[in-house]
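Asker: generate a structure from the sequence data that follows.
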Amino acid sequence: MNRRLIASVAALALSIPTTLVTGTAYATPSSGVRSTSVAPVTQLAAPPTIPVENVMAHLNQLQTIANNNGGNRAHGRPGYRASADYVQAQLNSAGFQTTLQPFTYNGATGWNVIAEWPYGDANNVIFAGAHLDGVTSGPGINDNGSGSSAVLEVALAVSRAGLRPEKRLRFGWWGAEELGLIGSNYYTTNLSQTERQKIKTYLNFDMVGAKDITTWGVYSHTASVSSIFKSYFASRNIGTYDVRWDGSSDHSSFTRYGIPVGGIGSDDDPCYHSRCDDINNVGSRVMEVSTNAIAHTVWNLAGTSTPADDFAMTVSPTSGTVEPGGSVTSTVNTATLSGSPQTVNLSASGLPAGATATFAPASVTSGGTSTLTIGTSASTPAGHYQVTIVGTGTAATRTSTYTLTVNGPGGGCPAPGQKLGNPGFETG
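Answerer: Below you'll find the model as predicted:
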């Protein structure tokens, strides 16, 4: 979040590059500024409960990226490009149509990551986004690894659920927000008026993980959207307050074109734009609440339904550690949620070099189980890997994530002097 921009959003257009967008063109409807009212949507299927461990895994990865790239993830620095590559890779493996959109600012190249879920009405877009960049003085984990990770995990939950929404879902991770909303302004300016008008609501998430907060700020720009967030918090007996933050974050790039916006966040952070904005500056409880509030609102606005024949799939345990050359096992559980049982074919992606995944059996009838064995070779590089387990049924596709840790130099235990990623607790 850039607090200095509150009074200067009108001047931003002068600094936006005029190069045309490259890559996939994304659309939105035509003339003039539209009303900020949003028609109510009946939610037909409840969103899943997103495990906070999934979100914290993304935050830990962003911390690692900062550690390996001079301690930051700022525009024009290698840590930012590594962050964008990480986000795009996660989305590609989950079946999204993605674009890495380049722009130039202050003589350096920046990128927006745009991801489209290829289902639903393309003329009615629900858009959720967060800025991915930080400042040069620190790793930027609350500002704004928190919003970026929450939006990423909600997008991956859409894929795992095999969601077929009534409206089109789009997600964005913006570059150079800290320098003046540059990336998001570049994106909206280079959309045609017709394309902008297809975006029915933009949801923004900036600084959603500050560990000590007990009440959440809810954007007050669009009453029908803020009421959805507030209903979620009320259901958990959590207090809220209204915020606008006009000009200080990426939603302002959308309001300038009359696009209704909403979102949540808090700027109550003693480590704001500081070196201490690291993994210990976010709380797992806060990230769990924020991420599931986002999922609740995205599901509600998108208008979702469950396939007539549907199944669920989980992996237990969800993580394992192995020495190079060894193997680890887990159980894939399936269950019929609605309609008739269906045949589910199992596969895996995201494995490190030299690793293989086998299933016994390779296909099950929903309600059955299979044993997953991940084997590694002596040359498998050390590290932490998010392996996507895919269940392809006759009427639906579901995914689940298994975290594989390969020990060895650079993997498993942290290097001397490196902080432990211990979500929600202080580390010595």
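
Asker: you'd agree Ala130 is in a strand?
Answerer: Yes. Counting by DSSP: H, G, I helix; E, B strand; the rest coil, one finds Ala130 located in a strand.

Asker: that one and Ser347: what is the separation?
Answerer: For Ala130, the distance to Ser347 equals 30 Å [C-beta to C-beta, to the nearest Å]. All C-beta spots, glycine's among them, are computed from the backbone N, C-alpha and C.

Asker: and these two? Which one has more around it.
Answerer: More neighbours surround Ala130 than the other of Ala130 and Ser347, with 30 against 14 (other C-beta atoms under 10 Å).

Asker: contact partners for that one?
Answerer: For Ala130, the contacting residues are Asn144, Gly147, Ser148, Ala150, Val151, Gly172, Trp173, Trp174, Asn204, Phe205, Asp206, Asp250, by C-beta atoms under 8 Å, 6 or more residues apart in numbering.

Asker: tell me, what residue is most central in the protein?
Answerer: When C-alpha atoms, centre = their mean is applied to the chain, the residue found nearest the centroid is Leu152 (1.1 Å).

Asker: next structured bit after the strand or helix carrying it?
Answerer: In the assignment (DSSP states H and E), Leu152 maps to helix 147-160. Going down the chain from helix 147-160, the next helix or strand is strand 167-174, by DSSP H and E.

Asker: quick one: strands adjacent to that next one?
Answerer: Applying DSSP bridges to the sheet, strand 167-174 is found paired with strand 108-117 (antiparallel), strand 121-131 (parallel).

Asker: what's the spacing between the longest one and its chain's center?
Answerer: Right, the one you point to is strand 121-131. 13 Å (C-alpha atoms, centre = their mean, to the nearest Å).

Asker: then stretch 369-380?
Answerer: Worked out by C-alpha atoms, centre = their mean, stretch 369-380 lies 28 Å from the chain centre.

Asker: rewinding a little: quick one: buried ones out of the contacts of Ala130?
Answerer: Buried members of these, counted by 16 or more other C-beta atoms under 10 Å: Asn144, Gly147, Ser148, Ala150, Val151, Gly172, Trp173, Trp174, Asn204, Phe205, Asp206, Asp250.

Asker: now the residues you listed as CSV including distance to Glu53?
Answerer: Formatted as CSV, the buried ones among the contacts of Ala130 follow (distance: C-beta to C-beta, whole Å):
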residue, distance to Glu53
Asn144, 20
Gly147, 18
Ser148, 17
Ala150, 13
Val151, 17
Gly172, 25
Trp173, 21
Trp174, 26
Asn204, 25
Phe205, 19
Asp206, 23
Asp250, 27
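
Asker: now, which of the residues you listed sits nearest Pro165?
Answerer: Within these, the smallest distance to Pro165 is 16.0 Å, found for Val151 (C-beta to C-beta).

Asker: give me the spatial nearest neighbour of that closest one, chain neighbours excluded.
Answerer: Spatial nearest neighbour of Val151, chain neighbours left out: Ala130 (4.8 Å); criterion: C-beta to C-beta, 6 or more residues apart in numbering.

Asker: for the top helix by length along the chain, list the C-alpha coordinates in PDB.
Answerer: Longest among the helix segments of the chain by residue count, using DSSP state H, is helix 284-302. The C-alpha atoms that make up helix 284-302 are tabulated as PDB, following Å, rounded to 0.1, in the frame of the first residue of the first chain:
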ATOM      1  CA  SER A 284      -1.900 -17.300  10.700                       C
ATOM      2  CA  ARG A 285      -5.200 -16.600  12.400                       C
ATOM      3  CA  VAL A 286      -5.600 -13.300  10.600                       C
ATOM      4  CA  MET A 287      -4.600 -14.900   7.200                       C
ATOM      5  CA  GLU A 288      -7.200 -17.700   7.800                       C
ATOM      6  CA  VAL A 289     -10.000 -15.200   8.400                       C
ATOM      7  CA  SER A 290      -9.000 -12.900   5.500                       C
ATOM      8  CA  THR A 291      -8.600 -15.600   2.900                       C
ATOM      9  CA  ASN A 292     -11.900 -17.300   3.700                       C
ATOM     10  CA  ALA A 293     -13.700 -13.900   3.700                       C
ATOM     11  CA  ILE A 294     -12.300 -13.400   0.200                       C
ATOM     12  CA  ALA A 295     -13.500 -16.900  -0.900                       C
ATOM     13  CA  HIS A 296     -16.900 -16.200   0.600                       C
ATOM     14  CA  THR A 297     -17.300 -13.000  -1.400                       C
ATOM     15  CA  VAL A 298     -15.900 -14.400  -4.600                       C
ATOM     16  CA  TRP A 299     -18.200 -17.400  -4.500                       C
ATOM     17  CA  ASN A 300     -21.200 -15.200  -3.700                       C
ATOM     18  CA  LEU A 301     -20.600 -12.600  -6.500                       C
ATOM     19  CA  ALA A 302     -19.700 -15.300  -9.100                       C
END
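
Asker: elements contacting it?
Answerer: Judged by 3 or more C-beta pairs under 8 Å, 6 or more residues apart in numbering; DSSP states H and E, helix 284-302 is in contact with helix 52-67, strand 121-131, helix 147-160, strand 167-174, strand 199-206, strand 215-219, helix 223-235, strand 261-265.

Asker: of the ones you listed, which is nearest His296?
Answerer: Across those, closest to His296 is helix 223-235 (C-beta to C-beta), at 4.5 Å.

Asker: now the closest one, how far from the centre of its chain.
Answerer: 20 Å.

Asker: could you check the angle that helix makes with strand 215-219?
Answerer: Interaxial angle, helix 223-235 versus strand 215-219 (axes from the mean of the first three to the mean of the last three C-alpha atoms, to 10 degrees): 170 degrees.

Asker: pLDDT of whichever helix or strand comes after helix 223-235, averaged?
Answerer: The helix or strand immediately downstream of helix 223-235 is strand 239-243, counting by DSSP H and E. Per-residue pLDDT values across strand 239-243 average out to 97.

Asker: CA atoms of strand 239-243 as PDB?
Answerer: Extracted in PDB, the C-alpha atoms of strand 239-243 (Å, rounded to 0.1, in the frame of the first residue of the first chain):
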ATOM      1  CA  GLY A 239     -16.000  -6.600  14.200                       C
ATOM      2  CA  THR A 240     -15.500  -4.400  11.100                       C
ATOM      3  CA  TYR A 241     -15.100  -0.700  10.200                       C
ATOM      4  CA  ASP A 242     -15.500   1.200   6.900                       C
ATOM      5  CA  VAL A 243     -12.500   2.300   4.900                       C
END
